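> I'd like to go over a predicted model; first the sequence, then the structure.
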Amino acid sequence: DINLFENGPEPRTNHTAIVYEEAMFVFGGNSAHNISLNDTWKFDLNLSQWTQLAVNQPDVPRARSGHSASVYKHFMVIFGGLFELKRELNDVHVFNFKT
């Protein structure tokens with residue numbers, strides 16, 4: 001048996017998850033205590049292994065939930081969402097998978 005949540009992200013809702021080159025990437029969402037998150041996790045689909053990605057601090061988007069994410073070429077594009085369930089966000093952030 002493989003525990004897919006061992007060493008992985010904390011449980012969350014209203015996050016995004018996209019697939020790029022044999023891996024699933026999860027960003028943001030709300031914790032079980034309704035706190036907005038801005039962490040990024042990679043799940044290797046071949047190894048069934050989680051890794052938290054270290055993103056340069058100035059480049060980390062504000063914590064959010066209810067946002068959208070899509071893949072374009074080798075980028076994950078994140079748009080909008082809610083901050084602390086009260087404030088709507090109208091911004092765009094780009095994560096480069098290669099760097």
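It's in. Numbering: from 1, shown residues only.
> Just grab the bridge partners of the residue sitting nearest the centre point of the chain for me.
Computing the C-alpha centroid of the chain and ranking residues by CA atoms, centre = their mean puts residue 27 first, at 0.8 Å. The partner list for residue 27 in beta bridges (DSSP bridges) reads residue 16, residue 40.
> for the protein, what spans make up the helices?
Shown for the chain, no helices are assigned by DSSP state H.
> Residue 62 and residue 28 touch, don't they?
No. Residue 62 is beyond contact range of residue 28, at 9.1 Å (criterion: CB atoms under 8 Å). No exception for glycine: its C-beta is placed from N, CA and C like everyone else's.
> check contacts around the residue nearest to the centre of the chain.
Shown in contact with residue 27 (CB atoms under 8 Å, 6 or more residues apart in numbering): 15-17, 38-41, 61, 67, 69, 76, 78, 95.
> Would you mind giving me the PyMOL syntax to select the buried ones in those residues?
Typed into PyMOL, the line below selects the buried ones among the contacts of residue 27, using 16 or more other CB atoms under 10 Å:
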select buried, resi 15+16+38+39+40+41+61+67+69+76+78+95
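> all strands of this protein, in order?
Secondary structure of the chain (DSSP state E): strands at 12-13, 16-20, 23-31, 36-44, 49-52, 68-72, 75-83, 87-96.
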